[in-house]
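Visitor: Need a 3D model of the sequence below.
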Amino acid sequence: MTEQTLIDLDAARQLGAERQAASDAYEREHLQAFQAFHAGLEDKRNIVYMFFTGNLLHWLSRALVFVPEDANVVLIGSDLAEDEIAWLRGHTSRPFHHVAARLDDNAVLDFIFKTAEHHFGWLHIDCFVLNPQLFGEMMRFDGDVAINCIWAHPGIDQVDILHSAFATINFDVLTAIRGRGIEVSPCTYSYEGSPAGRTVTERPLYSRIPTPEQVELLRKVLPTGPDGLPQYSIGDHFEILELYQLVANALGYRLNQIRHLVRDGAVTAAHYSNEIIHVNGVSTYKLYKAADAGQTYIANQLYVLLLQADYAILAAMGADVPEPYAKLRAELEAGIGELGLDGGQVAQNLYGFLMSRGVSQESCARILGHA
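Guide: Next comes the predicted model:
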């Protein structure tokens, strides 16, 4: 590394340590509350956590339709309205923990890393597991497997990087890495400590900065960039769970793709399967309504597609919804009306999109609640 890189990295680490200390202080009571909730769970083995924030109950509700009864699913909500909490209490028997503060996925998954006692999983609420056997497969680990996943990004130097839509963590490997005194966190990382990979909330959030030991481990699995630091595999930061995976890889543990689906932003058939469907972008797509062509992978035509999917999934929830969701339905109806569409055309468009990527008509009907 150049002398300037070392100076910049040291400054970033000092600022990062201050920011992390402030974040830890803010989150401490919420971490303790989660740990108390976890301590009271009847079964702590093979938990699959599903995290969500407000205005997303319809996606959670639809995803839960495909979760088998014997899957040990735990729900974690953040900053929900009282009527959303009441709806959850009345419509699901799954263990549910509410965090009053607005936390993002990084913070909640970090809580889980700090608390888990056994293998565990992370499942996005816009991920529909059509084949229930996947839950069992995802919780079986060979001794050298750090993480099981479904989707992976093609990385540099043939190092594929997991996508977190459905991933499970081998607790034995996590314990072994932690036992070597190496920092283990699922959070996003960047050399600058930028906000990249963090969700905007009422407080500033930043990625972590790799420790010196982590940087040396990254050198074993990633090529060196012009600044002398290991290059990012994807984009301008290490995404959620990515640095943890790479550190585990450097220590001899591997990523295991249970299904070889590709996550490269191209939205091709390689991303889709009749066993599992991940939508992605359901909480943020409205931000990109006016995005220029090519600005983001959910811009333009995919904004239009996600608007239709949001409408269809809310319709599948039925009439028994909290009051804000009735208002949301009216907003989405107005949105598709602006596109010159009605409910029938929305269904036709969604079927057409999925079937063009190899998803069967039967699977489409199951996802949209038509079967």
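Visitor: Can you tell me the SS state at His118?
Guide: Three-state assignment for His118 (DSSP: H, G, I helix; E, B strand; the rest coil): coil.
Visitor: Please list all residues in contact with it.
Guide: Contact analysis of His118 by C-beta atoms under 8 Å, 6 or more residues apart in numbering lists Lys44, Arg45, Asn46, Ile47, Phe171. (Glycine included, C-beta is placed from N, CA and C.)
Visitor: among the residues you listed, which are in helices?
Guide: The members of those that map onto helices under DSSP state H are Phe171.
Visitor: Buried among the contacts of His118? Need that as a selection in PyMOL.
Guide: The PyMOL command for the buried members of the contacts of His118 (criterion: 16 or more other C-beta atoms under 10 Å) is given here:
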select buried, resi 44+46+47+171
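Visitor: Let's have the contacts of His118 in TSV, adding distance to Gly54 and pLDDT.
Guide: Listed next are the contacts of His118 as TSV, based on distance: C-beta to C-beta, whole Å; pLDDT from 0 to 100:
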residue	distance to Gly54	pLDDT
Lys44	27	98
Arg45	30	98
Asn46	28	98
Ile47	23	98
Phe171	31	98
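Visitor: In strands, which of the contacts of His118 fall?
Guide: Ile47 (DSSP state E).
Visitor: Now distance to Glu18 too, for the contacts of His118, in TSV please.
Guide: Below are those laid out as TSV (distance: C-beta to C-beta, whole Å):
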residue	distance to Glu18
Lys44	34
Arg45	38
Asn46	37
Ile47	33
Phe171	31
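Visitor: Go through the contacts of His118 and name the one nearest Glu202.
Guide: Ile47 (28.6 Å; C-beta to C-beta).
Visitor: contacting residues around the nearest residue to Ile85 once chain neighbours are set aside?
Guide: In this structure, Ile85 finds its nearest non-sequential neighbour in His98, 5.9 Å apart by C-beta to C-beta, 6 or more residues apart in numbering. By C-beta under 8 Å, 6+ apart, His98 lies in contact with Ile76, Gly77, Ser78, Leu80, Ile85.
Visitor: State the mean pLDDT of the host helix or strand of Ile313.
Guide: Element membership of Ile313 [criterion: DSSP states H and E] is helix 301-316. Mean pLDDT, helix 301-316: 92.
Visitor: mind checking pLDDT for Val287?
Guide: Quick fix: residue 287 reads Leu, not Val. Looking at Leu287, its pLDDT is 79.
Visitor: Please confirm that it is located within a helix.
Guide: Yes - under three-state DSSP, Leu287 falls within a helix.
Visitor: What is the neighbour count of it?
Guide: Residues near Leu287, counting by other C-beta atoms under 10 Å, number 14.
Visitor: What backbone torsions are found at Leu57?
Guide: phi -60, psi -30 (degrees, to the nearest 10).
Visitor: Ignoring the adjacent residues along the chain, who's closest to it?
Guide: Glu84 (5.8 Å).
Visitor: Mind giving me the packing neighbours of whichever strand or helix holds that neighbour?
Guide: Glu84 belongs to helix 82-91 when assigned by DSSP H and E. Applying 3 or more C-beta pairs under 8 Å, 6 or more residues apart in numbering; DSSP states H and E, we find helix 82-91 packed against helix 57-65, strand 73-78, strand 96-99, helix 323-338.
Visitor: Between these, which one is closest to Met355.
Guide: Per C-beta to C-beta, nearest to Met355 of the helices and strands packed on helix 82-91: helix 57-65, 18.8 Å.
Visitor: what about the closest residue to Pro195 other than its chain neighbours, how many neighbours?
Guide: Nearest non-adjacent residue to Pro195, counting by C-beta to C-beta, 6+ apart: Tyr206, 5.6 Å away. Neighbour count for Tyr206, taken as other C-beta under 10 Å: 23.
Visitor: Confirm Tyr206 sits in a strand?
Guide: No - counting by three-state DSSP, Tyr206 is not found in a strand; it is coil.
Visitor: residues contacting it?
Guide: Counted by C-beta under 8 Å, 6+ apart, Tyr206 has contacts Gly16, Arg19, Ser23, Gly193, Ser194, Pro195, Arg198.
Visitor: now the helix holding Glu84: mean pLDDT?
Guide: If you average the pLDDT over helix 82-91, you get 96.
Visitor: gap between it and the chain center?
Guide: 23 Å (C-alpha atoms, centre = their mean, to the nearest Å).
Visitor: Now do that helix against helix 323-338: the angle between them, please.
Guide: Helix 82-91 and helix 323-338 are oriented at 100 degrees to each other (axes from the mean of the first three to the mean of the last three C-alpha atoms, to 10 degrees).
Visitor: Now do Tyr272, the pLDDT please.
Guide: For Tyr272, the predicted pLDDT is 97.
Visitor: For it, which non-adjacent residue is closest in space?
Guide: Nearest non-adjacent residue to Tyr272, counting by C-beta to C-beta, 6+ apart: Arg357, 4.3 Å away.
Visitor: hang on, the earlier thing: next, format the helices and strands packed on helix 82-91 as TSV and append mean pLDDT.
Guide: Formatted as TSV, the helices and strands packed on helix 82-91 follow (pLDDT from 0 to 100):
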stretch	mean pLDDT
helix 57-65	98
strand 73-78	98
strand 96-99	98
helix 323-338	95
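Visitor: Number of residues surrounding the residue nearest to Tyr272?
Guide: 15.
Visitor: what separates it from Ile85, distance-wise?
Guide: Distance of Arg357 to Ile85, given as C-beta to C-beta, to the nearest Å: 36 Å.
Visitor: Same check on Val304?
Guide: Distance, Val304 to Ile85, using C-beta to C-beta: 32 Å.
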